[in-house]
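Visitor: this is a predicted model, with the sequence first.
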Amino acid sequence: MPKKDNTLTKVEFQIMSILWDINHSACAWDILERYEEPKPAYTTIATYMKILYEKGYVDYFKNKGEGKTHMYVAKVTRAEYARQTMQEAKKNLFGGSLKSLLCFFVKEENLTIEEIKELLDLIAKED
């Protein structure tokens, strides 16, 4: 697991999202193929994959007989990253208070009483 203060940049998150969507090992070409326009250069993707490896978000291996091609696999799931990011936001922006974080989103998103009840029902079902 990456260090707690090791958040992803916008581009790193974009690349990780592609890798998470692929849901198995992928080479830089696979990621580039799915990248939105304007597509960066292959070397840019390769550089970011190295950075993501150094940050602990991906691992890589080479398939026998396929030359120098690195196959990348996510070491962190999207849910794990979301959990880590939300924990950091709760700590840094809301003094560690889950109540403050939830109140912020309820107010910011202008949730109705009905929507709040639906959320409570969903939470109750998961217990």
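Guide: The structure has been received and is ready for your questions.
Visitor: isn't V73 right up against L52?
Guide: No. Using CB atoms under 8 Å, V73 is not in contact with L52; the gap is 10.9 Å. C-betas here are computed from N, CA, C, even on glycine.
Visitor: okay, and the common contacts of the two?
Guide: Common neighbours of V73 and L52, counting by CB atoms under 8 Å, 6 or more residues apart in numbering, are V58.
Visitor: quick one: which of the two has more around it?
Guide: Taking neighbours as other CB atoms under 10 Å, V73 and L52 compare with L52 leading, 23 against 14.
Visitor: did I read that right, that one in a helix?
Guide: Yes. Per DSSP: H, G, I helix; E, B strand; the rest coil, L52 lies within a helix segment.
Visitor: may I have the residues that are in contact with it?
Guide: By CB under 8 Å, 6+ apart, the contact set of L52 is E12, I15, M16, V58, Y72.
Visitor: and for T69?
Guide: Residues near T69 by CB under 8 Å, 6+ apart: C27, K62, N63.
Visitor: make it 7 Å
Guide: C27, K62 (CB atoms under 7 Å, 6 or more residues apart in numbering).
Visitor: separation between it and D30?
Guide: In this view, T69 and D30 are 10 Å apart by CB to CB, to the nearest Å.
Visitor: what does the domain assignment say about the chain?
Guide: 10-78, 97-127 (automatic domain parsing).
Visitor: adding mean pLDDT, write these out as TSV.
Guide: Compiled in TSV, the domains of the chain are given as follows (pLDDT from 0 to 100):
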stretch	mean pLDDT
domain 10-78	95
domain 97-127	91
